[in-house]
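# Give me a 3D structure for the following:
(one chain, ligands or ions: 1)
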Amino acid sequence: MKKYDFIIAGGGMAGLSLAYYLSQSPLRDRSILILDKETKQRNDRTWCFWEQQTGPFEPILFRKWNTVEFFGTTYEGLLDIGDYQYKMLRGIDFYEFMKNHLAQFPTIEFRQVTINRVKDTPQGGFVIANDEPYIASYVFDSTFALNLKRPENHNLLQHFKGWVIQTEKPCFDVNRPCMMDFRVEQHGDCRFLYVLPFDERTALVEYTIFNDRLLADAEYDTALIDYISRFLDTGNYTIQETEFGIIPMSDEPTQERAGRRVVRIGTSGGYTKPSTGYTFQRTQRYLHEIVQNLVAIGKPRRRKPWLRRVFKKYLDSVLLNVLQYRRHPADDVFTRLYQYNPPGQIFRFLDEDTTFTEDLKIMSTVPLGPFTVAALDVLRKKVLRI
Ligand SMILES: Cc1cc2nc3c(=O)[nH]c(=O)nc-3n(C[C@H](O)[C@H](O)[C@H](O)COP(=O)(O)OP(=O)(O)OC[C@H]3O[C@@H](n4cnc5c(N)ncnc54)[C@H](O)[C@@H]3O)c2cc1C
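Predicted coordinates:
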């Protein structure tokens with residue numbers, strides 16, 4: 001049996017990004033096998049993220065914006081996002097770009113198979129797919145399904161349904177994407193819409209909820225129809241595409257290292273930011289670190305300053321606690337964050353690039369009573385666990 005240097009189990013966002021970073025590194029000649037059950041020929045999702053510099057996906061971005069709109073409880077208007085840009089990347093463009101780029105490397109193979117098992121063995125990382133065995137020095141697994149439900153943790157879901165609509169009347173301003181619009185019934189949850197315009201007659205309109213239970217499909221539709229009729233002067237419109245997704249928002253510890261030779265990446269590796277669900281940029285950053293360490297020391301490690309990581313996780317848990325126990329209306333929490341802090345600073349905070357002092361300053365702008373109760377509750381749970 002051929003032993004590969006790396007097997008990438010799951011050629012989705014994380015798997016293809018990892019292959020891309022490897023192909024850009026001194027390890028570009030290593031043998032890599034990418035396994036996925038799908039051919040990735042559908043536009044199955046759209047990623048939005050913010051970035052200061054020009055990133056690796058600049059040529060294939062679908063849209064990018066220098067400013068974003070926000071509608072909250074006590075503030076509405078354009079947010080000055082400083083030197084950040086809000087970027088949108090369509091899944092299909094990402095998959096096509098990756099396939100074309102990786103095809104240039106004869107040592108990178110693809111196989112369309114269903115993975116049944118990933119296992120750490122003394123000989124290497126081992127995968128069984130379509131009853132065939134494969135082995136490699138390291139397996140990077142993005143197919144592992146997280147099962148996040150331990151009651152001592154906070155386990156919310158971010159779920160959303162969106163439509164790309166084409167309207168009869170020109171009603172969108174291509175320079176004014178709306179990042180969060182809370183002018184909808186909250187039902188005690190965190191519920192908002194976002195509107196990403198492609199041109200003056202076409203936009204992605206998405207209804208997003210943070211809570212612990214999914215809605216019936218018709219409820220998402222009703223909310224979308226209601227929002228479009230109340231806030232957008234569309235005239236007649238047609239639905240061109242539909243997107244539905246669920247992202248875990250959880251502070252439950254996940255196992256990134258599933259053995260000496262098996263590393264979980266992407267959502268499976270717990271890369272999702274617990275308090276926001278944003279995963280795309282964190283995945284790029286983490287995989288970049290993994291490749292740097294593979295090059296430098298031959299090990300797929302990530303740099304994780306312990307104290308900093310624990311504190312940032314603690315802040316995530318506090319926000320999740322406020323949301324889960326409905327300690328304060330979520331629309332007001334997010335409004336205060338964006339109203340009383342420079343929005344670019346909130347992006348840095350969510351990227352975990354702010355200092356301890358900056359974190360405290362940002363936390364002083366949220367409602368102190370409910371956040372203090374949440375902070376103490378999280379501490380109590382952590383102490384009880386010890
Ligand atoms: C609709 C949607 C929209 C999102 N939008 C955003 C966003 O705007 N911003 C953001 O930061 N995050 C977003 N996310 C969250 C996150 O960025 C994505 O889910 C992202 O695709 C996660 O990357 P991944 O590689 O971990 O998983 P995936 O991209 O899902 O890749 C996993 C791959 O494994 C394959 N696979 C799974 N099981 C098997 C098996 N048994 N055998 C073979 N192959 C298998 C799948 O076919 C898939 O290709 C979104 C998620 C969804 C679902």
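# In the stretch 101-250 of the chain, what residue lies closest to the ligand?
Proximity of the stretch 101-250 of the chain to the ligand (C-beta to the nearest ligand atom) peaks at G245, 2.8 Å away. Yep, even glycine has a C-beta here, placed from its N, CA and C like the rest.
# Also the stretch 151-300 of the chain?
Across the stretch 151-300 of the chain, the shortest distance to the ligand (C-beta to the nearest ligand atom) belongs to G266, at 2.3 Å.
# Could you tell me how many residues sit around that residue?
When neighbours are defined as other C-beta atoms under 10 Å, G266 has 26 of them.
# got any ranges where this protein has weak pLDDT?
The model of the chain has pLDDT under 70 over residues 386.
# of all the residues in it, which ones are close to the ligand?
Proximity of the chain to the ligand (C-beta under 6 Å from any ligand atom) is limited to residues 10-15, 35-38, 45, 47-49, 114-115, 142-143, 243, 245, 247, 266-268, 278-280.
# sorry, back to before: for the residue of the stretch 101-250 of the chain closest to the ligand, helix, strand, or coil?
strand (DSSP: H, G, I helix; E, B strand; the rest coil).
# what's near enough to touch the residue nearest to it when sequence neighbours are not counted?
Using C-beta to C-beta, 6 or more residues apart in numbering and skipping residues adjacent in sequence, the residue nearest G245 is F160, 5.6 Å away. The neighbours of F160, taking C-beta atoms under 8 Å, 6 or more residues apart in numbering as the test, are E206, Y207, T208, I209, Y220, E243, F244, G245.
# who wins for neighbours among the residues you listed?
For the contacts of F160, neighbours tallied by other C-beta under 10 Å; top is Y207, 25 neighbours.
# what pairs with that residue across the strands?
For Y207, the beta-bridge partners under DSSP bridges are K161, L193.
# Could you pull up the residues touching it?
Residues in contact with Y207 (C-beta under 8 Å, 6+ apart) are F160, K161, G162, V184, R191, L193, Y220, A223, L224, Y227.
# in stretch 181-195, what counts as buried?
Across stretch 181-195, burial judged by 16 or more other C-beta atoms under 10 Å covers D181, F182, V184, Q186, D189, C190, R191, F192, L193, Y194, V195.
# For that stretch, which outside residues touch it?
In contact with stretch 181-195 (C-beta under 8 Å, 6+ apart) are residues 69-73, 172, 177-180, 203-211, 223-224, 226-227, 230-232, 323, 326, 329-331, 334-335.
# mind running it again at 6 Å?
71-72, 178-180, 203, 205-211, 227, 323, 326, 330-331 (C-beta atoms under 6 Å, 6 or more residues apart in numbering).
# Now, of those residues, which are buried?
When these are checked for burial by 16+ other C-beta under 10 Å, the buried set is 71-72, 178-180, 203, 205-211, 227, 323, 330-331.
# What is the most widely separated pair among the contacts of F160?
Farthest-apart pair in those is I209 and E243; separation 14.3 Å (C-beta to C-beta).
# what's the neighbour count on the closest residue to the ligand within the stretch 1-150 of the chain?
Nearest residue of the stretch 1-150 of the chain to the ligand: G12, at 1.9 Å (C-beta to the nearest ligand atom). The number of residues packed near G12 is 21, by other C-beta under 10 Å.
# Now do D332: how many residues are near it, please.
For D332, using other C-beta under 10 Å, the count is 18.
# Can you tell me the SS state at it?
Classification of D332 by three-state DSSP places it in helix.
# close enough to count as contact, it and G72?
No - checked against C-beta atoms under 6 Å, the pair D332 and G72 is beyond contact range at 7.5 Å.
# The residue nearest to Q339 when sequence neighbours are not counted and I290: what is the separation?
Nearest residue to Q339, sequence neighbours excluded (C-beta to C-beta, 6+ apart): Y75, at 4.1 Å. To I290, Y75 is 39 Å away according to C-beta to C-beta, to the nearest Å.
# Mind checking which of these two has more residues around it?
For Y75 and I290, the more surrounded residue by other C-beta under 10 Å is I290, and the numbers stand at 24 against 13.
# What segments of the stretch 1-150 of the chain are strands?
Assigned strands in the stretch 1-150 of the chain, in chain order: 3-9, 32-36, 46-51, 63-65, 67-71, 76-80, 85-90, 108-112, 115-121, 124-129, 132-141 (criterion: DSSP state E, counting those that start in this stretch).
# Let's have the ones you listed in CSV, adding distance to R260.
Formatted as CSV, these follow (distance: least, C-beta to C-beta, whole Å):
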stretch, distance to R260
strand 3-9, 14
strand 32-36, 19
strand 46-51, 32
strand 63-65, 41
strand 67-71, 44
strand 76-80, 45
strand 85-90, 34
strand 108-112, 24
strand 115-121, 6
strand 124-129, 9
strand 132-141, 9
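# which one is D199 nearest to, not counting chain neighbours?
The shortest distance from D199 to any non-neighbouring residue, by C-beta to C-beta, 6+ apart, is to V174 (6.0 Å).
# Count residues in the vicinity of the one you found, would you?
Around V174 there are 14 other residues, counting by other C-beta under 10 Å.
# Check the secondary structure at it for me.
When classified by three-state DSSP, V174 comes out as coil.
# Hmm, R201 and it touching each other?
No - with contacts counted by C-beta under 6 Å, V174 stays clear of R201, the gap being 10.2 Å.
# which neighbours do those two share?
Shared contacts of V174 and R201 (C-beta under 6 Å, 6+ apart): none.
# ok, now which ones touch the spatially most central residue of the chain?
The chain has T279 as the residue nearest its centroid, 2.2 Å off, counting by C-alpha atoms, centre = their mean. Counting by C-beta under 6 Å, 6+ apart, T279 touches Y271, T272.
# at 7 Å what do you get?
Taking C-beta atoms under 7 Å, 6 or more residues apart in numbering, we find T279 in contact with I247, T267, Y271, T272.
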